[in-house]
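1. got a predicted model here, sequence first, then my questions.
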Amino acid sequence: MSFEQGISRRALLRMGGIMGAGALGAAALSSCAPKTASEGGSAGASDAAASVQDGPFAVPECMLQPEPITEFDETKEYDVVVVGAGLAGLAAVHTALEGGAHVACVQNTSVVNTSGNMGGYVDLEKTSPAGVQACISYLMEKSDYRSDRKLINVWAQNSSEALQWWAAAAEEGGVENVLFDSTLNLHGYDVQLHANTYFHIHGANNTAATAIAEGLAQDGAEFFYDTPAVQLYKEGDAVTGVICRNADDQVILFKAAKGVILAAGDYSGNMEMREYLCPDLKGFGASMENRDGSALMMGVWAGAVIEPPVHAKMVHEGAKARVDVPFLNISPKGERFMCEGPMRTSYINNFQRQFLAEAGFANMNAGHFFTILPEKWHDYATEWIAEDPLNMSITGGAGEITNDNLLSGNSVEELVQAINDFCTEKEYKIDPIDAAVVQETIDRYNELCDAGSDEDFGKAAKYMVPIEGETLYAVSRGGTTVPAILGGLIIDENGQCLDENQAPIQGLFAAGNTSGCFFGGVDYPLDVLGLSVGRAITTGYVTGRYVASL
C-alpha cells in the first residue's frame with residue numbers, strides 16, 4: 001500500500017491547489033504546521049477554513065483545517081482520553097482502566113451510541129493455528145489483498161478474549177447475550193466462529209453498550225456526554241490532548257499524558273465527505289448522522305493519514321429474508337438485468353446504483369429490485385448451498401427463512417400484485433410493476449433454462465431453473481442506508497496512528513471504524529458473521545491496553 005496515495009494534510013493541500021484557486025491560500029499553506037507548546041497550539045491551520053473551490057472534485061470545507069483553538073475555559077488532565085462512547089471506545093476505556101490509567105471518554109451525543117447486532121470472534125481453542133491463518137488469508141482475499149495482514153491478525157488472536165469480556169460485562173448489567181456459532185472450512189481447515197447477538201433485546205447492541213458504559217463509570221471512568229471533540233492538541237510533534245466544546249459552549253482541553261484514542265466511528269453520516277471519498281454511495285441514506293467523520297479529519301490535521309480509497313462500503317438489506325441464491329432477479333421495471341449467481345448480499349448496492357441514478361438519486365427506495373423464485377426454490381437452494389456454502393445462503397436475520405417470509409402468488413399476475421402491494425405498504429414511492437412485462441421476462445428466462453444456455457447474461461447452466469409451479473414467490477432486495485464506511489486512519493498493530501512516512505505519531509491512536517486498514521475491498525464482506533462489530537470491540541480492547549501501558 002502506498003501511504004502517499006492516502007488522504008493526508010499534504011494531499012488535501014495539493015488537491016486544493018491543483019483543482020482551483022481559492023481552496024487554500026498562502027496563509028493556510030504556511031500555517032499547517034502545529035504551533036509549539038509555548039504557543040498553546042492545537043492541531044489546526046489559521047486560515048484553512050476559507051471557502052473551498054468550485055467544481056465536482058472540490059475538497060469539502062469540512063475536510064479543511066480550521067483555525068486553531070488556543071484559549072480554553074477549562075483544562076482537565078487524564079492519562080488516557082477516548083473520543084467516542086461506542087463499541088471500540090468502551091472497549092478501550094475498559095482495558096485502559098484495567099491497566100491502571102485515569103480515563104476520560106468524550107461523546108458527541110447525550111447517550112452511548114452504537115449499532116449492530118452480532119460481534120464475531122474466532123474460537124482459538126477449537127481452531128488450529130493453521131485454521132486461524134487460513135481465516136486471515138481468506139479475509140485478505142475478500143478485501144482484494146489491500147488489508148494490512150497484521151491488523152487482521154490482531155482481531156483473530158484477541159477477539160475471543162475481547163468479545164467474551166463484552167458479553168460478560170453486558171450480562172453484569174442485566175443484558176444477556178445469545179451466542180451464535182458457525183464453522184467455515186477455509187483452505188481445508190475448519191474455523192470455529194462465535195458471535196455475540198442481541199437480536200432479542202430492544203435496542204440490540206446499543207442496550208448492551210449502555211449497560212457496559214454504566215459499569216465502566218462505576219469502575220472509575222469519567223464520561224462527558226454532549227461534549228464533541230473538535231480539535232486535537234499538540235505540543236511539538238506529539239498529540240497531548242483533545243479540545244472539546246460542551247453543551248454550554250465552553251471550550252475544554254482534555255489533556256492526555258499517555259495518549260488520545262480516536263474511536264468515534266466513520267464518515268457515513270457526512271454527505272459531503274461521502275460524496276468526495278466514496279461517491280458510489282450517492283443516493284443511499286445514512287444510518288447514523290452523528291458519524292460525521294470528524295475524528296478522521298482531526299487525525300489528518302494532526303498528521304495522520306486516511307487509507308487510500310476505495311473504502312469498503314456496508315449496505316445491509318432491510319428485508320427479513322435474504323436469498324443469496326441465483327434465481328431470477330428483475331428490476332423495478334420488471335426486466336431481467338444481471339447474471340444472478342453466485343451473488344452475495346454485501347454486493348447488492350452495486351446493482352442498485354443504476355436504479356438510483358434513473359430516479360435522479362432522489363429516492364433511496366428506488367434502488368430496490370426483486371428476486372423471483374419457483375415453487376420448489378428451497379430444494380434447489382439447499383443443493384446449491386451444500387455445493388458452495390461460502391458464496392450462497394438463505395437467511396432471515398439470525399435464522400433460515402421459509403415460504404411465510406416471502407411474497408407469493410398463484411400466478412404471475414397475483415405475484416406482481418403482491419409485490420406492488422408490498423411496495424405501497426413500505427412506502428417505496430416507486431411506480432407499480434407491469435405484470436405483462438414480468439410475464440414476458442419469465443417466459444424468456446424459462447426459454448433460456450429449457451435451452452440450458454443463458455444467451456442473455458451467461459449464468460452457469462446448473463443455476464438455470466425455470467420459474468414454475470402452482471405458487472410463485474418473490475422477495476424485495478436491496479438496502480437503503482449505510483451503517484458504515486470502512487476506511488479509517490492508517491495504524492500499526494498497537495492502534496498507533498502513522499504519518500505519511502509510516503512513522504508513529506506520538507500520543508495519537510485510533511480504533512474501530514476510525515482506524516484502517518482492516519478492510520480493503522469495494523464492499524464489506526459478510527462471510528464472517530459479526531466481523532465489523534467484533535473488529536471494533538477488539539481493536540479498542542487492544543489499543544486501550546497498550547496506551548495504558550505506556
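-> Received it, and whenever you're ready, just let me know what you need. Keep in mind that this is a model prediction, so the values were computed, not measured.
2. where in this protein is pLDDT low?
-> Scanning the chain for pLDDT under 70 picks out 1-5, 13-57, 318-320, 396-400.
3. hmm, who's touching the longest helix anywhere in it?
-> Longest helix of the chain, by residue count under DSSP state H: helix 149-172. Contacts of helix 149-172 with the rest of the structure, by CB atoms under 8 Å, 6 or more residues apart in numbering, involve 91, 94, 119-124, 132, 135-136, 139-140, 176-177, 179, 194, 196, 198, 208-209, 211-212, 215, 491-493, 517-518, 531, 534-535, 537-542. The way it works is simple: take the backbone N, C-alpha and C, and place the C-beta from them, glycine included.
4. buried residues in it?
-> Residues 151-152, 154-160, 162-163, 165-167, 169-170 are the ones in helix 149-172 that count as buried (16 or more other CB atoms under 10 Å).
5. stretch 519-537 now?
-> Judged by neighbour count using 16+ other CB under 10 Å, the buried positions of stretch 519-537 are 519-537.
6. can you measure across that stretch, start residue to end residue?
-> End-to-end distance of stretch 519-537 (CA to CA, to the nearest Å): 15 Å.
7. if we can go back for a sec, now the contacts of helix 149-172: which count as buried?
-> Buried members of the contacts of helix 149-172, counted by 16+ other CB under 10 Å: 91, 94, 119-124, 132, 135-136, 139-140, 177, 194, 196, 198, 208-209, 211-212, 215, 491-493, 517-518, 531, 534-535, 537-542.
8. can you list which of those residues are found in strands?
-> Among those, the members found in strands (DSSP state E) are 119, 120, 121, 122, 194, 196.
9. so what's the nearest residue to the last one once chain neighbours are set aside up against?
-> With CB to CB, 6 or more residues apart in numbering as the measure, residue 119 is the residue that lies nearest to residue 196, at 4.3 Å, once sequence neighbours are left out. Contacts for residue 119 were tallied using CB under 8 Å, 6+ apart; they are 87, 163, 166, 195, 196, 197, 205, 530, 533, 534, 537.
10. quick one: those as JSON lines, columns for distance to residue 308 too.
-> Output for the contacts of residue 119, formatted as JSON lines (distance: CB to CB, whole Å):
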{"residue": "87", "distance to residue 308": "25"}
{"residue": "163", "distance to residue 308": "29"}
{"residue": "166", "distance to residue 308": "31"}
{"residue": "195", "distance to residue 308": "30"}
{"residue": "196", "distance to residue 308": "32"}
{"residue": "197", "distance to residue 308": "34"}
{"residue": "205", "distance to residue 308": "30"}
{"residue": "530", "distance to residue 308": "26"}
{"residue": "533", "distance to residue 308": "25"}
{"residue": "534", "distance to residue 308": "24"}
{"residue": "537", "distance to residue 308": "26"}
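11. of these, which is the nearest to residue 336?
-> Looking at these and their distance to residue 336, the nearest is residue 530, at 33.7 Å (CB to CB).
12. measure the closest one to residue 60 for me?
-> Look at residue 530 and residue 60: by CB to CB, to the nearest Å, they are 32 Å apart.
13. one more: residue 466?
-> Distance from residue 466 to residue 60, counting by CB to CB: 50 Å.
14. what sits closest to the most centrally placed residue in the chain if chain neighbours are left out?
-> Geometric centre of the chain, nearest residue: residue 484, 2.8 Å, by CA atoms, centre = their mean. Nearest residue to residue 484 in three dimensions, chain neighbours excluded: residue 314, at 4.5 Å (CB to CB, 6+ apart).
15. pretty sure the one you found is touching residue 531, no?
-> No. Applying CB atoms under 8 Å, one finds residue 314 not in contact with residue 531, separated by 10.4 Å.
16. those strands in the stretch 151-300 of the chain, which residues are they?
-> Assigned strands in the stretch 151-300 of the chain, in chain order: 178-186, 189-197, 222-224, 229-235, 238-245, 251-262, 285-286 (criterion: DSSP state E, counting those that start in this stretch).
17. packing partners of the longest one?
-> Read that as strand 251-262. strand 74-83, helix 87-98, strand 229-235, strand 238-245, helix 294-301, strand 504-510, helix 531-549 (3 or more CB pairs under 8 Å, 6 or more residues apart in numbering; DSSP states H and E).
18. only the buried residues of it, if you could.
-> Buried residues in strand 251-262, counted by 16+ other CB under 10 Å: 251, 252, 253, 254, 255, 256, 258, 259, 260, 261, 262.
19. may I ask which two of the residues you listed are separated the most?
-> Spatial extent of these (CB to CB) is set by the pair 251 and 258 at 22.7 Å.
20. where do the helices sit along the chain?
-> Using DSSP H, helices in the chain cover 9-19, 26-30, 87-98, 129-142, 149-172, 204-218, 271-277, 294-301, 348-358, 377-387, 412-425, 435-451, 531-549.
21. any chance of these in CSV, plus distance to residue 323?
-> Putting the helices of the chain into CSV (distance: least, CB to CB, whole Å) gives the following:
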stretch, distance to residue 323
helix 9-19, 42
helix 26-30, 52
helix 87-98, 29
helix 129-142, 21
helix 149-172, 29
helix 204-218, 23
helix 271-277, 29
helix 294-301, 36
helix 348-358, 11
helix 377-387, 7
helix 412-425, 14
helix 435-451, 16
helix 531-549, 22
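22. which one of those lies closest to residue 470?
-> Smallest distance to residue 470 across the helices of the chain (CB to CB): 11.2 Å, for helix 412-425.
23. what does that closest one rub up against?
-> Residues from elsewhere that reach helix 412-425 (CB under 8 Å, 6+ apart): 334, 368, 370, 372, 407-409, 430, 432-435, 438-439, 442, 472-474, 476.
24. hmm, back to that, which one, of the helices of the chain, ends up nearest to residue 500?
-> Proximity to residue 500, assessed across the helices of the chain by CB to CB, is greatest for helix 9-19 (6.4 Å).
25. returning to what we had before: in strands, which of the contacts of helix 412-425 fall?
-> Among the contacts of helix 412-425, the members found in strands (DSSP E) are 370, 372, 407, 408, 409, 472, 473, 474, 476.
26. what subset of these is buried?
-> Buried members of those, scored by 16+ other CB under 10 Å, are 370, 372, 407, 409, 472, 473, 474, 476.
27. list just the nearest of those residues to residue 277.
-> residue 476 (29.3 Å).
28. what's near enough to touch that closest one?
-> Applying CB under 8 Å, 6+ apart, the residues near residue 476 are 319, 368, 369, 370, 407, 419, 422, 423, 426.
29. that one and residue 94, how far apart?
-> For residue 476, the distance to residue 94 equals 40 Å [CB to CB].
30. tell me who's in contact with the closest residue to residue 339 other than its chain neighbours.
-> Setting aside the residues directly before and after it, residue 339 is nearest to residue 457 in space (CB to CB, 6+ apart), at 4.0 Å. The contact partners of residue 457, taken as CB under 8 Å, 6+ apart, are 336, 338, 339, 340.
31. any idea how far residue 457 lies from residue 168?
-> Here residue 457 is placed at a distance of 50 Å from residue 168 (CB to CB).
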